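Peer 1: After the sequence you'll find the predicted model.
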Amino acid sequence: MSPDTNFIEIDGQKIPFTPGQTVMDAALAAKIYIPHLCHYPGLTPSGNCRLCVVQIGTKTTAACITPATAGQQIVNDTAALNEARKSITQMLFIEGNHICPSCEKTGNCKLQAMGYYLGMLDDHFPQFYQRREIDASHPDIVLDRSRCILCDLCVRASREIDKKNVFSIAGRGTDAHLIVNSASGKLADSRLEKTDLAAAICPVGAILVREAGYQVPIGQRIYDCLTIQETGLQESIEDNNDG
Ligand code: SF4
């Protein structure tokens, strides 16, 4: 352990961190799961899904954007916080088209897996039935914005790893939506390729690679075999690039 090593506590467990790490970084390094959808090790954190809400003292904060500080007493795995996370997940479900049995991503979808992890038994809120544009212009990739949860992962993956800056999020609040940074605004005119991390990282069924659907039968997919807690403790950029 380096001389710079300090410690924080998560749910009473003392764990080390190094300067510059966030609470999420330190937790994952110590194999402690904090639920998350928009965080991905190796990408700049954005803090926009709020699933990783934790309590530090009297404040609640997103673990992925909160620097670890020596002596922090962090509360993570409680019924109250998991109930708040379940409500956020339910809102994400009703905000878009997440009809799992009709989605190619079923069994590989992190939103669906999060619903299972948090014991979500129904949508709770009324369905929005938003109609959003589908971009099927690209020969290898389809973008269905009605399933986009605006996690920003494709934006960061394209910018930081693929070095192509294919995607952005435009608008605010209920007007926020994913756009393609090409002259026509269509994927066909972008430099996105099916081997890019941005084409693989979508946690839901909003970005799908063509001719790859149903290659793994339902029942044998990632979250048919593992919980999102197990995969969340394993994933890294290297894993994704290895396919
Ligand atoms: S398309 Fe997928 S990866 Fe991109 S912002 Fe939407 S949900 Fe996230």
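Peer 2: Great, that's in hand. Residues are numbered from 1 along each chain as shown.
Peer 1: Excluding covalently adjacent residues, which one is nearest to V155?
Peer 2: The shortest distance from V155 to any non-neighbouring residue, by Cβ to Cβ, 6 or more residues apart in numbering, is to F167 (4.6 Å). From N, CA and C alone the C-beta is placed, and that goes for glycine too.
Peer 1: Tell me the confidence at the closest residue to A68 other than its chain neighbours?
Peer 2: Nearest residue to A68, sequence neighbours excluded (Cβ to Cβ, 6+ apart): F17, at 4.0 Å. pLDDT, F17: 96.
Peer 1: Renumber starting at 37 from here on
Peer 2: Right, with 37 as the first residue, what we last looked at is F53.
Peer 1: Could you give the bridge partners of F53?
Peer 2: Beta bridges link F53 to N42 when assigned by DSSP bridges.
Peer 1: hmm, back to that, around the residue nearest to V191, how many other residues sit close by?
Peer 2: Neighbour count for F203, taken as other Cβ atoms under 10 Å: 24.
Peer 1: OK, contacts around it?
Peer 2: 190-191, 194, 214-217, 234 (Cβ atoms under 8 Å, 6 or more residues apart in numbering).
Peer 1: Can you report phi and psi for it?
Peer 2: Phi and psi for F203, reported as degrees, to the nearest 10, are phi -120, psi 160.
Peer 1: how close does it get to P77?
Peer 2: To P77, F203 is 20 Å away according to Cβ to Cβ, to the nearest Å.
Peer 1: Tell me how the protein divides into domains.
Peer 2: According to automatic domain parsing, the chain comprises the domains 44-113, 118-270.
Peer 1: closest to the ligand out of those domains?
Peer 2: For the domains of the chain, the distance to the ligand is smallest for domain 118-270, at 3.3 Å, taking Cβ to the nearest ligand atom.
Peer 1: same question for that closest one, mean pLDDT?
Peer 2: For domain 118-270, the mean pLDDT works out to 96.
Peer 1: near the ligand, which residues of this structure?
Peer 2: With Cβ under 6 Å from any ligand atom as the criterion, the chain comes near the ligand at residues 184-190, 214, 237-238, 240, 242-243.
Peer 1: element containing V178?
Peer 2: In this assignment (DSSP states H and E), V178 forms part of strand 177-180.
Peer 1: counting contacts, what elements does that strand pack onto?
Peer 2: Helices and strands touching strand 177-180, by 3 or more Cβ pairs under 8 Å, 6 or more residues apart in numbering; DSSP states H and E, are strand 170-171, strand 243-245.
Peer 1: Looking at those strands, which one is packed in the most?
Peer 2: strand 243-245 (a mean of 21; mean count of other Cβ atoms under 10 Å).
Peer 1: Direction included, what does that one pair up with?
Peer 2: Strand 243-245 sits in its sheet next to strand 177-180 (antiparallel), going by DSSP bridges.
Peer 1: Thanks a lot, see you next time.
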